[in-house]
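Q: need a structure here:
(chains A and B)
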There are 2 protein chains.
Amino acid sequence: MALMRILHHWPLDPFSREIRLALAEKALEFETRIEKVWSRPEPLLALNPAGTLPVLIDDGAGVRLTVCEAGPIAEYLEEAYPATPLLPKNPAERAEARRIANWFARKYDGEVNAYLLHEKLEKGAQGLGAPDPKALRAGRDHLKWHLEYLAGLLENRDGLAGPRYCLADISAAAHLSCADYLGDVPWDQFEPARTWYARIKCRPAFRAILADRLPGLDPASHYADLDF
Amino acid sequence: MALMRILHHWPLDPFSREIRLALAEKALEFETRIEKVWSRPEPLLALNPAGTLPVLIDDGAGVRLTVCEAGPIAEYLEEAYPATPLLPKNPAERAEARRIANWFARKYDGEVNAYLLHEKLEKGAQGLGAPDPKALRAGRDHLKWHLEYLAGLLENRDGLAGPRYCLADISAAAHLSCADYLGDVPWDQFEPARTWYARIKCRPAFRAILADRLPGLDPASHYADLDF
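A: Have a look, this model is predicted:
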């Protein structure tokens, strides 16, 4: 039987993107299933009772495993496929990489995604009306603050958690790439963050992310541009 | 030099409780420093720019390490002190344990803590006025739904993620114990969850949690009662 690996995802879900990137960096082939998460589809709820994405079905270890949520999937992939590690070896850098991934999963998600993605994508998909300009402004303000924080980290190092590209960069790039699709990232005000993101955009693992097109919503004109 | 391990925490912060329990289960001694997280103290921000708890300072591995946030600290402790594992060995149970810990860190936190703990603790500490009865009702409704979900999981197994007590149980008990301090857990309507929690309350690692007393806010009368 052929190896089966399926990722249930949604193209502009940052957590799904994090795992698409992680799988691609590890050169693990996978099929994708797009889930309209806002309509809480029964088959998805049967896989993940939280009704959230991504969900990975993996036969790689010989038995079929269902792994839910970006954080747990990333840890699973590290353990099951250690050949191309996404976490640094050194305990201090490892803790730093997880801290930053956690920062995006909780802090950035609550302060940026909950405004920008909710207003621009989720409300439309759920028929909840037009984006609230006040909420959009708040999301963009928070985003600037996060970019400033990233720029500070990048003053002393090439990657967000240390000298090498790792899960911290993958997680941050996955989240920022969604805001960038929507044209909400003011790259010109945050040069160190732009240089960092430009390097990531060139990685082969990022190609599928840059090729995403949401029906009825084109990305910002610079979105897939490697020299933006 | 004596071993130094310091946990920066707040007694009724569920994420701090998760790590106090994890350290106690692993029989790792530690000192505590209470942080008034809502006033965003500078020394805490220097340790963790997100300004959140817990933060662990650990000299155990020979070099001083700062590890921020419950999820990353739990993974660090598993790697640095594997003697008493808190994650199951089996990949499926491991993924399930992390799924449930993640459920509490994101879903329960947003649906219950953001209402009950915010209204009853954070607003008071920050001088933001009395709890909003509507928000309290919403938090209690969400909590019932979460208890129902846990009761369902416990129909087929003794622990939340499998046959043995693990990080899933620690995470869930840490979160629920905060709502229980405030008297908001309707245990009598969720017998399987009560039986599970009663077993956890008897664990030596849980003693310090049951001894917590917040100045000016006594716990519910049954809070420390092992036979509630």
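Q: helix or strand: which one has the one residue sitting closest to the centre of chain A?
A: In chain A, the centroid-proximal residue (Cα atoms, centre = their mean) is A:Ala174; its distance is 2.7 Å. Element membership of A:Ala174 [criterion: DSSP states H and E] is helix A:167-181.
Q: one more: A:Ala130?
A: Under the criterion DSSP H and E, no helix or strand holds A:Ala130.
Q: please see if the helix holding A:Ala174 touches chain B.
A: No. Helix A:167-181 does not reach chain B (Cβ under 8 Å from any Cβ of the partner chain); its nearest approach is 10.9 Å. Every residue, glycine included, has its C-beta placed from N, CA and C.
Q: which parts of the helix or strand just after that helix are buried?
A: Next in sequence after helix A:167-181, counting helices and strands by DSSP H and E, comes helix A:191-201. Residues A:Ala193, A:Arg194, A:Trp196, A:Tyr197, A:Arg199, A:Ile200, A:Lys201 are the ones in helix A:191-201 that count as buried (16 or more other Cβ atoms under 10 Å in any protein chain shown).
Q: what distance separates stretch A:43-56 from the centre of its chain?
A: Mean-position distance between stretch A:43-56 and its chain equals 17 Å (Cα atoms, centre = their mean, to the nearest Å).
Q: distance between the ends of that stretch?
A: Terminal residues of stretch A:43-56 lie 13 Å apart, using Cα to Cα, to the nearest Å.
Q: what average pLDDT does that stretch get?
A: The pLDDT scores in stretch A:43-56 average 96.
Q: can you check stretch A:203-216 too?
A: For stretch A:203-216, the mean pLDDT works out to 96.
Q: what comes up buried for that stretch?
A: Applying 16+ other Cβ under 10 Å to stretch A:203-216 flags A:Arg203, A:Ala205, A:Phe206, A:Ile209, A:Asp212 as buried.
Q: so what touches the lowest-mean-pLDDT helix or strand in chain A?
A: Taking mean pLDDT, DSSP states H and E as the measure, chain A has helix A:123-125 as its least confident helix or strand, at a mean of 87. Contacting residues not belonging to helix A:123-125 are listed as A:Lys36, A:Trp38, A:Gly129, A:Ala130, A:Pro131 [Cβ atoms under 8 Å, 6 or more residues apart in numbering or on different chains].
Q: swap in stretch A:20-31?
A: Residues outside stretch A:20-31 that contact it (Cβ under 8 Å, 6+ apart): A:3-7, A:9, A:32, A:54, A:56, A:60, A:73-74, A:77, A:81, A:83-84, A:86, A:167, A:170, A:173-174, A:203-206, A:208-209.
Q: what's the offset of that stretch from the middle of its chain?
A: Centre to centre, stretch against its chain (Cα atoms, centre = their mean), the figure for stretch A:20-31 is 13 Å.
Q: ok, back up a step: just give me the closest of the buried residues of helix A:191-201 to chain B.
A: Of all those, A:Ala193 has the smallest distance to chain B: 15.6 Å, by Cβ to the nearest Cβ.
Q: quick one, what contacts the closest one?
A: Shown in contact with A:Ala193 (Cβ under 8 Å, 6+ apart): A:Leu147, A:Leu150, A:Ala151, A:Leu154, A:Trp187.
Q: those residues also near chain B: which ones?
A: Of the contacts of A:Ala193, not one also sits near chain B (Cβ under 8 Å from any Cβ).
Q: pick out the most distant pair among these.
A: The widest separation within those, taken as Cβ to Cβ, falls between A:Leu154 and A:Trp187 and amounts to 13.2 Å.
Q: residue numbers of chain A in contact with chain B?
A: By Cβ under 8 Å from any Cβ, the residues of chain A that approach chain B are A:48-50, A:52, A:61, A:63, A:65-69, A:71-72, A:75-76, A:79-80, A:91-92, A:94-95, A:98-99, A:102-103, A:105-107, A:110, A:149.
Q: filter the residues you listed down to the ones in strands?
A: Secondary structure from DSSP state E places A:Leu65, A:Thr66, A:Val67, A:Cys68 of those in strands.
Q: reformat those residues as CSV; add pLDDT and neighbour count.
A: Conversion of those to CSV gives the following (pLDDT from 0 to 100; neighbours: other Cβ atoms under 10 Å in any protein chain shown):
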residue, pLDDT, neighbour count
A:Leu65, 95, 18
A:Thr66, 97, 17
A:Val67, 98, 27
A:Cys68, 98, 25
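Q: now render the residues you listed as a markdown table, adding distance to A:Lys123.
A: Shown next, in a markdown table, are those (distance: Cβ to Cβ, whole Å):
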| residue | distance to A:Lys123 |
| --- | --- |
| A:Leu65 | 34 |
| A:Thr66 | 30 |
| A:Val67 | 30 |
| A:Cys68 | 25 |
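Q: that older thread, and which of the contacts of helix A:123-125 is nearest chain B?
A: Set against chain B, the nearest of the contacts of helix A:123-125 by Cβ to the nearest Cβ is A:Trp38 (15.6 Å).
Q: quick one: contacts for that closest one?
A: A:Trp38 neighbours (Cβ under 8 Å, 6+ apart): A:Glu122, A:Ala125, A:Gln126.
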